[in-house]
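Enquirer: fold the following for me, if possible:
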Amino acid sequence: MKKETMKKATTKKSAAKESGESPSRLIDARIKELGDWRGETLARVRKLIKQADPGVVEEVKWKKPSNAMRGVPVWEHAGIICTGETYKNAVKLTFAKGAALDDPTGLFNASLEGNARRAIDIHEGDKIDATAFKALIRAAVALNTSSKPATARPARSKK
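Expert: Predicted coordinates:
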């Protein structure tokens, strides 16, 4: 039964690739579909991410009815670097481990209260400090690639 399921999953992935539904093409389509400042902003940060980390992998995750089954662009390198969601008034870049990153230029301006994530909300007309943004991307990649897997806690002794 498992072999059948795996075969079906492989077939679906192959079909997606053959139909041109690679994550990069889905992100291209999303940028084009937006057709406004949000698409331009998403394209700009995408370009900066690729410049900062040529080894970055693009994915599209979390396809659901609330995002019209488009999913969310995700950039990964040894784990999630950041996601790129678009809203009516902002492009939100959420860094999965943002709370652990130094942000000397203060790019993070949203989700500041969390223990793990931090975000950058970009609004129409906002300028992106390309140098600082690329440094943040490189720091996120460095954190992902240096992270060691969590070790199991020792078992408690029975008393």
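Enquirer: can you map out the helices along this protein?
Expert: Taking DSSP state H as the criterion, the chain contains helices spanning 2-18, 23-34, 37-52, 130-146.
Enquirer: need those helices in a markdown table with mean pLDDT, mean neighbour count and distance to L107, can you?
Expert: Where C-beta positions appear, they are placed from N, C-alpha and C, glycine not excepted. Formatted as a markdown table, the helices of the chain follow (pLDDT from 0 to 100; neighbours: other CB atoms under 10 Å; distance: least, CB to CB, whole Å):
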| stretch | mean pLDDT | mean neighbour count | distance to L107 |
| --- | --- | --- | --- |
| helix 2-18 | 41 | 10 | 34 |
| helix 23-34 | 91 | 16 | 21 |
| helix 37-52 | 97 | 18 | 11 |
| helix 130-146 | 96 | 17 | 6 |
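Enquirer: any chance of CSV for these, columns distance to E58?
Expert: CSV is the format used below for the helices of the chain (distance: least, CB to CB, whole Å):
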stretch, distance to E58
helix 2-18, 14
helix 23-34, 5
helix 37-52, 8
helix 130-146, 13
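Enquirer: of those helices, which approaches V72 most closely?
Expert: V72 sits nearest to helix 23-34 of all the helices of the chain, at 9.4 Å, using CB to CB.
Enquirer: V57 - nearest residue in space that isn't next to it in sequence?
Expert: Nearest residue to V57 in three dimensions, chain neighbours excluded: E76, at 4.7 Å (CB to CB, 6 or more residues apart in numbering).
Enquirer: show me what the one you found bridges to in the sheet.
Expert: Listed beta-bridge partners, E76: V57, I80 (assigned using DSSP bridges).
Enquirer: what sits against it?
Expert: If you count contacts by CB atoms under 8 Å, 6 or more residues apart in numbering, E76 has them with 56-59.
Enquirer: hmm, W62 is touching G71, no?
Expert: Yes. Between W62 and G71 there is a contact at 5.7 Å, judged by CB atoms under 8 Å.
Enquirer: okay, those two: which has more neighbours?
Expert: Neighbour count, other CB atoms under 10 Å: between W62 and G71, G71 has more, with 17 against 13.
Enquirer: backbone torsions only: list them for the more buried one.
Expert: phi 80, psi -180 (degrees, to the nearest 10).
Enquirer: got the end-to-end distance for stretch 79-99?
Expert: 15 Å (CA to CA, to the nearest Å).
Enquirer: go on, stretch 59-74?
Expert: 5 Å.
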